[in-house]
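Curious how this folds, go ahead:
(one chain, ligands or ions: 1)
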Amino acid sequence: MAEPAPGPGAASPAAPDALCPLCPSQALVERGRAWVWEVRQYGQPVRAFALRFDGRVHAYLNRCAHVPTEMDWQPGEFLDADRRWILCSIHGATYEPTSGRCIAGPCGRGRLTPLAIEERDGMVLWRPTRDIRPLGSEPAP
Ligand code: FES
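The predicted structure is shown next:
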């Protein structure tokens, strides 16, 4: 599932530590297509993505550490042909899916910006921070 239905992931304003529903757990298959949704970082809309790798869901802002641009090859497609690495479609920066750490390419010592994820009762939830908020919420003071 590449795009969320309106509502989940774009929750109404919430306290910085409140979990927001993102998608059903079954929507994220092992090393499959990511779930993509919009958040606000410092008040600006930015896309984020969540994918399942080695059984756990990992989420990052969809923003390369080389040039701050979106990375997916096709909507929701972030992994390389072997489904082993997150690969930026622009210049080939390669990231470890479980840590977001750059391991090859022009991202140097950079890393992807992680979002905290939890799974409960068959749902994937993400935890906003002071700087990364649900779409539709106001920037933190
Ligand atoms: S923008 Fe991602 S590798 Fe250059």
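
On the three-state scheme, the residue nearest to Asn62 when sequence neighbours are not counted is what?
Here the nearest residue to Asn62 in space, its sequence neighbours aside, is Arg47; by C-beta to C-beta, 6 or more residues apart in numbering that works out to 4.2 Å. (Each C-beta comes from the backbone N, C-alpha and C, glycine too.) Under the three-state scheme (DSSP: H, G, I helix; E, B strand; the rest coil), the conformation of Arg47 reads as strand.

show me what contacts the residue sitting nearest the centre point of the chain?
For the chain, the residue whose C-alpha lies nearest the mean C-alpha position (C-alpha atoms, centre = their mean) is Phe49; its distance is 2.6 Å. Residues counted as contacts of Phe49 (C-beta atoms under 8 Å, 6 or more residues apart in numbering) are Ala34, Trp35, Val36, Trp37, Ala59, Tyr60, Asn62, Asp72, Gly76, Phe78.

Report the beta-bridge partner residues of the third one.
Right, the one you point to is Val36. Beta-bridge pairing of Val36 under DSSP bridges involves Phe49.

The spatially closest residue to Gly100 that is not a sequence neighbour - how many residues pack around it?
Using C-beta to C-beta, 6+ apart and skipping the chain neighbours, the partner closest in space to Gly100 is Leu112 (3.4 Å). Burial measure for Leu112: 27 neighbouring residues, criterion other C-beta atoms under 10 Å.

next one: His58
Around His58 sit 22 other residues, with neighbours defined as other C-beta under 10 Å.

Now for it: which residues touch it?
By C-beta under 8 Å, 6+ apart, the residues touching His58 are Ala50, Leu51, Arg52, Pro97, Thr98, Gly100, Pro114, Ile117.
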